[in-house]
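Peer 1: fold the following for me, if possible:
(2 chains)
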Amino acid sequence: MTNVFTIGIGGAAGDGTGEAGYTLGGLLAELGYEVFVSLANPSLIRGGHNYTRVSFSRDKVWCDHTKLDVLIALNEKSVTLHKSELNQDAIVLADSFELTDLVELGDQAIVLPITSSAKEVKAPMVARNSVAIGALCAYFGLDFDIMQRILQNVFKDKKPEINIKLANIGFEFFKKLGRTHPKKLGPDQSEKELKELIDGNTAFARGLLAAGLNFYVAYPMTPSSSILHYLAGQQKNYPELKVIQPENELAAINMALGMSYAGKRVAIGSATGGFTLMLEAFSFAGGAELPLVVAVSQRQAPATGAPTFSSQTDLQMVIHAGHGEFPRVIIAPGDATEAYLAGANALNLAWKYQLPAVVLMDKIVSEHPATNLIPTDKIEIETGKLATETGESYGRYEITADGISPLAFPGTPKTVVKVTSYEHDEAGITTEEPTEIKAMIEKRFTKAETLAGELEHQETIKIYGDKQADAVIVFWGSTKGPVLEAVKYLKRPAKLVQIVWVEPFDVKRVFAALTSAKKIINVECNHNAQMAALIREKTGLEVSANILKYDSRPFDPLELADKINELNHG
Amino acid sequence: MNLIMANLSTTAKITWCPGCPNSAILVAFRQTIEELVKAGEIKLENVVVCAGIGCHGKITDYVNLNSFTSLHGRALPAMTGMKCANRKLMVVGFSGDGDSFAEGIGHLVHAARRNSDIKVFIHVNQVFALTTGQATPLSPKGYKSKSTPFGSIEEPFTPLPMLLESGATFLARSYANDIANTKKIMLEAIRHKGFAFVEIIQPCITFFDTRDYFKDRLEAVPDNFPAQDINAAREFLSKATTKTPVGIFYNVVKPTYEDELWA
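Peer 2: From the prediction side, this is the model:
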């Protein structure tokens, strides 16, 4: 038993199960609960089964659980597919249809007039989930007036009247049944600040805006597209922001490099598949020292893969992305709060060090909303080393002690700014002279050394759990969620080490965090244990065991806890 | 005047083949910029010279102006990017037929479709000269090269009608070695607000010398040609003829991508 409650919502594609998850998550967040919403919208099952899961608790919920306390089933398939996931006392709220599976469930199943009510009040079918949400509120004993008030907020952007009407029908219907859960939902009485339900893509985009983003250029690709959608909508609030969707990924990155050359703060984004199309230009950004932020969101791969599902298979690819050797920054946030900070940080670092900075996410970080407290402190906008002396002697690639050349932009009187994808001299003119080539490479890697000095001021790794424990669990990206959630159910204490900066790699801190461990357990969602390889390469330390998952679904925290317990038995 | 000319050159050694018409394009371009600056039509610091990769792309090293030497085929999106970022910039790009009709053709037609306010001068030599003469999408059928030793089996594109239908608002053709006319067309292309496409016939004297072929074929577009009329341009450019017309075929004003973006 856990103190986390989980509600599953299943239906056909177009039934609005995702929307229902957002509504329910939003309602719970407004009540002060910690919430994690996962969205599975597969295109693999004929008929398109969509499934949303909402886990909540008064304590932080780092990721959703698989086992259900309530299943809202909008069609028969949802019951068939998920009845094995029901906890002992779970109930199933089913739409009014006759099901063999439902009969089998006996008292556990409750038929709600979901579709019929929606028809009755002439509501669009996609809104009919609100009937189930109302019933759910009654089941968990939420006060009717509170439900109404909160739904006003939750639905403020989309037809509150009709949705609340449907929720009321569900609430009243369920109340008459006289069944209640021992747990009572209600507003949080403590003084703590209300968190918001937000996914990593939105948070990342807000981080970019906080750091003074001018342009976002992207070609749509799941699971990165919601960055594009969010920022496109924000153009009305940010007059200096422009969002462009060009003909393909190559256009996106090359357009962005033109913007960067002209002095504007620009970001691009794609799934890793789209990013691989951009690699020649990514290398150009590195060699020509053009500041650029790239959001890369991993999904199941290789190739088109299972496009709407997740993986952590691109760590090594992104670290080595682009031909040639050049410094880069790669930050891998594990949740929305970290994605916000990574977005802001990446934009500042790109300009401070004149290089490409990647924020490496995945489907779970990008798309799964959870309660977060996004920092509201003002982000300082770092423009980097702008040229104070321009004029005829200006050279875009002047060799300096710290490897960073003063930046000037076209349009500066009497100043010529030359940027090129060829190897170049200090003036930006093509060179094939070995001494000049060597000097320019050394300049870029002097800059890399300057960048390495940044590490001690950054949260390059995060340590949680029992810091004295002899067992260490190491992880990165979205695996943070299941690991931190699983830790609640561990039999022996463990120290948890999250690697946030993957390039430059904080060798000193990672080594210090791992070296005294009796056992290092590496947890990640790929086949080849890519982080374990990176740790070995950078620190010489070998992990003792890997827990790997590569079936395109994230870890269930309880299953992960079992696996860790097996390995960490003393 | 000579002073400005001197300022426009750099210390970079010119590495085009001696006698290559690219040098004539360079001279025409320097003269164009000089004239526009002198007349106060543009400010020198606002000119950005862009290029892709190919023989044409060396031009950025030979002009003492802001420049952006992109990747092969990728100059155009970068040009649109910088124009979006700063509409005061006069973004002029050089490209080749390999650069823009093979590797970068997607960007070319989309830039035209958007009416991005950039000027594109294509050095059309009908070969990949820098990589020793392979066929491009503009090489004639039957063209023999190292990669097509028995003759190319592909039909070439016809650039001008393609660009007209794509949405370009300025279309012209010149012959590289006619510096005066190339300059005249470059002046008008740069003065044009919107996507300007200029095909500059630039015979490759090393791999595909077409100088004799074009000698008697070039024919100036009639003085009274109605360049504001898309149907006239369409008909004129698609007409089968043994001549190669040079001049301005189409020149209309439409809203530019960058102005729409910031409107």
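Peer 1: does residue 138 lie in a helix or a strand, and which?
Peer 2: As the question left the chain open, I've gone with chain A. helix A:129-139 (DSSP states H and E).
Peer 1: looking at chain B here, not the other one
Peer 2: Going by DSSP H and E, B:L138 is not in any helix or strand.
Peer 1: burial check on it, number of neighbours?
Peer 2: Residues within reach of B:L138, counting by other Cβ atoms under 10 Å in any protein chain shown, total 22. Every residue, glycine included, has its C-beta placed from N, CA and C.
Peer 1: and the stretch 301-450 of chain A, which residues reach chain B?
Peer 2: When proximity is defined by Cβ under 8 Å from any Cβ of the partner chain, the stretch 301-450 of chain A lies next to chain B at A:409-422, A:427-430.
Peer 1: residues near the residue in chain A that chain B sits nearest to, how many?
Peer 2: Going by Cβ to the nearest Cβ, chain B is nearest to A:G258 of chain A, at 2.7 Å. A:G258 has 34 neighbours, counted by other Cβ under 10 Å.
Peer 1: list the contacts for it?
Peer 2: B:F68, B:P77, B:A78, B:M79, B:T80, B:G81, B:M82, B:K83, B:C84, B:A85 (Cβ atoms under 8 Å, 6 or more residues apart in numbering or on different chains).
Peer 1: quick check: strands, which of these are part of them?
Peer 2: Among those, the members falling in strands (DSSP state E) are B:F68.
Peer 1: B:S9: neighbour count?
Peer 2: 13.
Peer 1: quick one: residues contacting it.
Peer 2: Each residue near B:S9 by Cβ under 8 Å, 6+ apart is listed here: B:R30, B:Y62, B:V63, B:N64.
Peer 1: just B:P21 next, same as before
Peer 2: Under the criterion of Cβ under 8 Å, 6+ apart, the contact list for B:P21 reads B:A176, B:N177, B:Q202, B:P203, B:I205.
Peer 1: skipping adjacent residues, who's closest to A:R536 in space?
Peer 2: A:E542 (5.8 Å; Cβ to Cβ, 6 or more residues apart in numbering or on different chains).
Peer 1: sec struct for the one you found, please.
Peer 2: Counting by DSSP: H, G, I helix; E, B strand; the rest coil, the backbone at A:E542 sits in coil.
Peer 1: just the pLDDT for it.
Peer 2: With respect to pLDDT, A:E542 scores 98.
Peer 1: let me know how buried it is, in neighbour terms.
Peer 2: A:E542 has 11 neighbours, counted by other Cβ under 10 Å.
Peer 1: any idea how far A:I521 is from it?
Peer 2: Using Cβ to Cβ, to the nearest Å, A:E542 is found at 12 Å from A:I521.
Peer 1: least trustworthy helix or strand in chain A by mean pLDDT?
Peer 2: The helix or strand of chain A with the poorest confidence is helix A:100-105; it has a mean of 79 (mean pLDDT, DSSP states H and E).
Peer 1: and that helix, what does it pack onto?
Peer 2: Applying 3 or more Cβ pairs under 8 Å, 6 or more residues apart in numbering or on different chains; DSSP states H and E, we find helix A:100-105 packed against helix A:76-82, strand A:86-95, strand A:109-112.
Peer 1: A:H527 is nearest to which of those?
Peer 2: Proximity to A:H527 (Cβ to Cβ) singles out helix A:76-82 among the helices and strands packed on helix A:100-105, at 25.9 Å.
Peer 1: hmm, back to that, point me to the helix or strand that includes the residue of chain A closest to chain B.
Peer 2: Per DSSP H and E: helix A:249-261 holds A:G258.
Peer 1: just want the angle from the very next helix or strand once past that helix to helix A:249-261.
Peer 2: Downstream of helix A:249-261, the first helix or strand assigned by DSSP H and E is strand A:266-271. Orientation of strand A:266-271 against helix A:249-261 (axes from the mean of the first three to the mean of the last three Cα atoms, to 10 degrees) gives an angle of 160 degrees.
Peer 1: ok, which of the contacts of B:S9 also contact chain A?
Peer 2: Counting by Cβ under 8 Å from any Cβ, B:N64 from those sit close to chain A.
Peer 1: tabulate the contacts of B:S9 (JSON lines), appending neighbour count, secondary structure and pLDDT.
Peer 2: Below are the contacts of B:S9 laid out as JSON lines (neighbours: other Cβ atoms under 10 Å in any protein chain shown; DSSP: H, G, I helix; E, B strand; the rest coil; pLDDT from 0 to 100):
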{"residue": "B:R30", "neighbour count": "20", "secondary structure": "helix", "pLDDT": "97"}
{"residue": "B:Y62", "neighbour count": "24", "secondary structure": "helix", "pLDDT": "97"}
{"residue": "B:V63", "neighbour count": "22", "secondary structure": "coil", "pLDDT": "97"}
{"residue": "B:N64", "neighbour count": "21", "secondary structure": "coil", "pLDDT": "97"}
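Peer 1: look up how far A:D377 lies from the residue of chain B found nearest chain A.
Peer 2: Using Cβ to the nearest Cβ, the single residue of chain B nearest to chain A is B:G81, 2.7 Å away. From B:G81 over to A:D377 the distance is 32 Å, taken as Cβ to Cβ.
Peer 1: between these two, who's got more neighbours?
Peer 2: Counted by other Cβ under 10 Å, B:G81 and A:D377 do not tie: B:G81 has more neighbours, with 31 against 6.
Peer 1: the more buried one reaches A:I253, doesn't it?
Peer 2: No: when contacts are counted by Cβ atoms under 8 Å, B:G81 is not listed as touching A:I253 (9.6 Å).
Peer 1: tell me, how many neighbours does residue 158 end up with?
Peer 2: Looking at chain A here, since you left the chain open. Look at A:K158: counted by other Cβ under 10 Å, it has 12 neighbours.
Peer 1: wrong one, chain B
Peer 2: Other residues close to B:T158 by other Cβ under 10 Å number 11.
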